[in-house]
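*Asks:* Give me a 3D structure for the following:
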Amino acid sequence: MGKEIYDEIKDLVTEAQNEKTSRIDIADTTEILQLINNEDSTIPSIVAQEIPYIARAVDILVEAFKSGGRLFYVGAGTSGRLGVLDASECPPTFGSHPEMIQALIAGGYNALRFAAEGAEDNFEQGKTDLKNAGFTEKDVVCGIAASKRTPYVLGAVDYARSIAAKSLYVTCNPRENFDIAVDVAICPVVGPEVVMGSTRMKAGTATKMVLNMLTTASMIRLGKTYGNMMVDLMMTSKKLEERAKRTVTFVTGLSYEESADLLQQAKGHVKTALVMHLAGVSFDEAKKRLEQSDGFVRSAIEVK
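*Replies:* Predicted structure coming up:
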């Protein structure tokens, strides 16, 4: 089994040696940092090449969300942690239900703090965890594995395919070597890592960018912003409460005190507050308009 895994990974781009940093062990501190930064600077343009595939994935997600489906990220190690991070930040940012975007990590949530590397090798556990999470054919799974080959992730994706659910995959190895039957593969090939095989670095950065794009673009498509402002955020902290007031102040031109009063009338909901003020309507009418416009503030304001 060990030789089989060795043969699987020896030719992966993510496991190759980076010739540009092969003598990093004798560089001084500034040189080390410059080498890291030079490699990191290549990532945005590489991710940009994947936008057509990311767009297809977003369209799948939006359709699923509108039909009551959910997104499940599945990963191990760094990939799993990035999935958990992105999923956990959507409710406070966009007011989405916590179950709408979920994440599974090999080894469970304890693996967020402590390495559980062996857990990634369990193909059947990936299937079991996704099934136990209540995954259905209405949902979408997004496997995350820089190497592509992580058994835990492959097991989850295999289960999703077995019940005819949509599947996405984010990997940092080339598309021409991608042989997993998913609906959309997103393959930002960032090349060999600064430290050979340390995919928490460039691969991790590229993956975070992709996940941010998937959820942010989907939420925008669902009317979770007005212009480029968060208007469905949850006021669960003083910072978010003040951000809500600032958004209302910025859009309406009201004073801080007036914005706070308007938000109180709107029961703390920024979207409702904006429609109430900009359309000159009551709380009930603003809620009705938002329902008629599928939650889009701009359309709700323009309702005749």
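*Asks:* and residue 101, bridged to which residues?
*Replies:* Taking DSSP bridges as the rule, residue 101 bridges to residue 71.
*Asks:* distance of it from residue 207?
*Replies:* Distance, residue 101 to residue 207, by Cβ to Cβ, to the nearest Å: 16 Å. To be clear about C-beta, it is placed using only N, CA and C from the backbone, and glycine gets the same treatment.
*Asks:* same thing with residue 73?
*Replies:* In terms of Cβ to Cβ, residue 73 sits 10 Å off from residue 207.
*Asks:* residue contacts, the residue lying closest to residue 208 once chain neighbours are set aside?
*Replies:* For residue 208, ignoring the flanking residues on the chain, the nearest one in space by Cβ to Cβ, 6 or more residues apart in numbering is residue 82 at 5.3 Å. Residue 82 is in contact with 75, 144, 204, 207, 208, 211, counting by Cβ atoms under 8 Å, 6 or more residues apart in numbering.
*Asks:* Is residue 82 within a helix or a strand, and which one?
*Replies:* In this assignment (DSSP states H and E), residue 82 forms part of helix 77-94.
*Asks:* gap between that helix and the chain center?
*Replies:* 6 Å (Cα atoms, centre = their mean, to the nearest Å).
*Asks:* Tell me which residues of it come out buried.
*Replies:* Within helix 77-94, the residues that qualify as buried are 77-84, 86-87, 90-94, counting by 16 or more other Cβ atoms under 10 Å.
*Asks:* Repeat that for stretch 99-106.
*Replies:* 100, 101, 102, 103, 104, 105, 106.
*Asks:* what would those residues look like in CSV with pLDDT and distance to residue 66?
*Replies:* Converted to CSV, the buried residues of stretch 99-106 look like this (pLDDT from 0 to 100; distance: Cβ to Cβ, whole Å):
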residue, pLDDT, distance to residue 66
100, 98, 12
101, 98, 14
102, 98, 18
103, 98, 21
104, 97, 23
105, 96, 27
106, 94, 30
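*Asks:* ok, which pair from these is furthest apart?
*Replies:* 100 and 106 (22.2 Å; Cβ to Cβ).
*Asks:* isn't there a helix covering residue 103?
*Replies:* No: according to DSSP: H, G, I helix; E, B strand; the rest coil, residue 103 belongs to no helix; its state is strand.
*Asks:* immediately after the longest helix along the chain, which helix or strand?
*Replies:* When every helix of the chain is counted residue by residue (DSSP state H), the longest turns out to be helix 202-221. Sequence order places strand 225-226 as the next helix or strand after helix 202-221, per DSSP H and E.
*Asks:* ok, that next one: who's next to it in the sheet?
*Replies:* When DSSP bridges is applied, strand 225-226 pairs with strand 229-230 (antiparallel).
*Asks:* Run through who's touching the strand it pairs with.
*Replies:* 93, 94, 224, 243, 247, 250, 251, 270.
*Asks:* let's see 10 Å
*Replies:* 92-95, 219, 224, 240, 243-244, 246-248, 250-251, 270, 274, 297 (Cβ atoms under 10 Å, 6 or more residues apart in numbering).
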